[in-house]
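>>> Build me a model:
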Amino acid sequence: MRHHRKVVVAVIAGLALLGLSAPAAQASHLSAYAATSPSIPVYDPPPPAGAQVLKYKFGPLKIEPGQNTIKIDVQKQRPNVDGWIVGFRPGLVNASDGKAPPVTEVHLHHAVWLVDLKPTFAAGEEKTYFNAPPGFGWRYTTKQSWIINHMIHDLTPTPREVYITYTLYFIPDTTPQAAHITQVNTQWMDVEGGKPYPVFDALRGSGKHGRFTFPDDAKSPYPAGKHLNQWVVDHDATLVATAGHLHPGGLYTDLDLTRGGKTVRVFRSKANYFEPAGAVSWDVAMGATTPGWKVNVKKGDILSVHATYDTSRASWYEVMGIMVVAITGQPVDGGVDPFTQKVDQTNRLTHGRLKENIDVGVRKPNPGLSNPVKLADGPRMDRIVIKNFTFGQGDLSTSGKKGLPPVITEGQALTFINQDEPLTIRYHSITACKTPCNLTGGIGYPLANGPRTFDSGELGYGATIASNVYSSVGIGTVPITAAVNTPAPAADCNGPGVDGLVKVISNGCVGTDQWSTPANLPPGTYTYFCRIHPFMRGAFRVVKPT
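The predicted structure is shown next:
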């Protein structure tokens, strides 16, 4: 039991550390994705000399309808000889046909590969590639333990079966090239470091000039007084690659270095949205450093990460700001002192546009959804039950009396109750969107842009753990899921969504299955959607007292 606990402790520490890219290529490999003309060019180099291309898949994984939970497994699919990993390309495919499923149906929220209990490779929905700069690589031996922490999100009411795929560029120790590789390790930088579910909200109108930077613009971002976005460098070294991870709405992440009270930026990773509407979807790739980027750091320096979101047109809930850094064990030739020399800020994408990330048909009329503004009043109600992916009254996909917006009087609240089972697998949210909120949806539509901002959080239940069992930060008991952080009876976390190794170290339960609208909403028709399952839309109406 103690061994299992140690394993899960390390796994949870890396559960949401997503999307490292460290692109490496010669200048001849520079190319733009002509079909979409990204503003940032793409480096997608072939394997370097001596490298094998090894393709693996993990699964099949059975994903329940609406599932959005974390699973942990031992990773056995990997090389059978010692060597160096110099490239890592993640993916997700259907078990039935081997094709990547549309991100609007199933997407890879995250997959983190822990090597000897340390997060080393990862993937998010944008599927950033890892490429070591020339002459560098991640050490691999057959004696290592590999564990995969994965969270696959089914946005539909249909079960799915998928594989997580990954291609390695691998240089065996028996090749001449292996003798000339310098080892790098990964340092995870997260604006909510120390939390297993490291998210924050960027509300519409917050920040400055339509942009919100966390933690800079947040009010009391770290109540415990510990700056979770910082890491004190523990040895003289050279940073050789980095890239950011953001959610829709994100614009860029910044990696800063502080020494002797002076702070400089060492890299800004920019989000390149292929989506014509801009920062609203996973149709994006993140900018990474160039192969020659090298920054010297000293023991005692402070690295910090900051994430900036566009808050001019919508709120963004449960978003992330992560940068993962490839760092050497000691300084190497070619590194610059960022306090006395100019640091290269050139961005390069690690891949072009991904077909599966395109929101096909978004913002077109959806004949299956009513326009609630044109509907008559529904019954007077004080509560709505959510079941089988449907709002019990006022669901825009429901015809007849059940589809009419329920009515409450000004000054009252409407309570929503999630009765979808099991709650430890299927979460729902009530999130305000602009009326009529009835167009074809996906990741980029609908948006959290209602005339009045409200959001329930994810209604359901999830386990907690003590932070000191996986992190030196020590910030108390924390949830490991997206459930609303409200203490709940332990019995509510006995569902199948809390199982396996996660259950071993669980010390409690958080969540709720109920939420009430603000009681101060003025008269009008209000539309909302589920952030976890955007096809779910509903409406209610507030009227003046008679």
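>>> Let me see the contact set for the closest residue to G450 other than its chain neighbours.
Excluding the flanking residues, the one nearest G450 by CB to CB, 6 or more residues apart in numbering is A432, at 2.9 Å. The way it works is simple: take the backbone N, C-alpha and C, and place the C-beta from them, glycine included. Taking CB atoms under 8 Å, 6 or more residues apart in numbering as the contact definition, A432 lies against 448-455, 526-528.
>>> For beta bridges, what are the partners of A432?
The bridge-partner assignment for A432, based on DSSP bridges, gives Y528.
>>> Neighbour-wise, which one of the contacts of A432 leads?
Scoring the contacts of A432 on neighbours with other CB atoms under 10 Å, the highest-scoring entry is Y528 at 28 neighbours.
>>> in terms of contact, does that residue touch P534 like I think?
No: using CB atoms under 8 Å as the test, Y528 is too far from P534 to be in contact (11.3 Å).
>>> Quickly list what's touching both of the two.
With CB under 8 Å, 6+ apart as the test, Y528 and P534 reach no residue in common.
>>> Please determine how far the residue nearest to G450 is located from R204.
10 Å (CB to CB, to the nearest Å).
>>> Overlap in contacts, these two.
Taking CB under 8 Å, 6+ apart as the contact rule, A432 and R204 both touch 448-449, 453.
>>> which one of those residues is nearest T142?
A448 (47.4 Å; CB to CB).
>>> Now do that closest one against A279, distance only.
To A279, A448 is 13 Å away according to CB to CB.
>>> So which of the contacts of A432 are in strands?
Those of the contacts of A432 mapping onto strands are 526-528, per DSSP state E.
>>> and which of the residues you listed is nearest T546?
Nearest to T546 among the ones in strands among the contacts of A432: Y526, at 19.4 Å, using CB to CB.
>>> hang on, the earlier thing: among the ones in strands among the contacts of A432, find me the one that's closest to I408.
Comparing these against I408 with CB to CB picks out Y526 as the nearest, at 9.9 Å.
>>> all helices for the stretch 251-400 of the chain, in order.
In the stretch 251-400 of the chain, no helices are defined using DSSP state H, counting those that start in this stretch.
>>> from memory K55 sits against T165, does it?
Yes: under the criterion of CB under 8 Å, K55 is in contact with T165, at a separation of 7.2 Å.
>>> Report the contact partners of I164.
When the contact criterion is CB under 8 Å, 6+ apart, the partners of I164 are 57-59, 61, 90-92, 108, 111, 123, 148, 150, 152.
>>> 10 Å - rerun?
For I164, the residues meeting the contact criterion (CB atoms under 10 Å, 6 or more residues apart in numbering) are 56-61, 73, 75, 77, 90-93, 108, 111, 113, 123, 148, 150, 152.
>>> In helices, which of the residues you listed appear?
When the contacts of I164 are checked against helices (DSSP state H), there are no matches.
>>> Give me the buried subset of those residues.
57-59, 61, 73, 75, 90-93, 108, 111, 113, 123, 148, 150, 152 (16 or more other CB atoms under 10 Å).
>>> Tell me which of those fall in strands.
Among the buried ones among the contacts of I164, the members that lie in strands (by DSSP E) are 57-59, 61, 73, 90-93, 108, 111, 113, 123, 148, 150, 152.
>>> Which of those sits closest to N494?
The closest of these to N494 turns out to be D73 (CB to CB; 21.1 Å).
>>> Name the nearest residue to Y222, ignoring sequence neighbours.
Distances taken as CB to CB, 6+ apart place L228 nearest to Y222, at 5.7 Å, with adjacent residues excluded.
>>> actually P331, sorry about that
Per CB to CB, 6+ apart, closest to P331 is T238, 5.1 Å.
>>> now do S429
Leaving aside its sequence neighbours, S429 is closest to R531 (4.5 Å, by CB to CB, 6+ apart).
>>> Please apply the same query to S399.
Spatial nearest neighbour of S399, excluding adjacent residues (CB to CB, 6+ apart): S370 at 7.7 Å.
>>> Distance of that neighbour relative to G400?
Relative to G400, S370 is positioned 10 Å away (criterion: CB to CB).
>>> So between those two, which is more surrounded?
Counting neighbours by other CB under 10 Å for S370 and for G400 shows that S370 has the greater number, 22 against 6.
>>> how about the more buried one, what does it touch?
Contacts of S370 by CB under 10 Å, 6+ apart are 394-399, 403-405, 436, 438, 537, 539.
>>> Produce a PyMOL select command limited to the buried residues of the residues you listed.
The PyMOL selection below is limited to those of those classed as buried (16+ other CB under 10 Å):
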select buried, resi 394+395+396+397+398+403+404+405+436+438+537+539
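>>> From the contacts of S370, which land in strands?
Secondary structure assignment (DSSP E) places 537, 539 from the contacts of S370 within strands.
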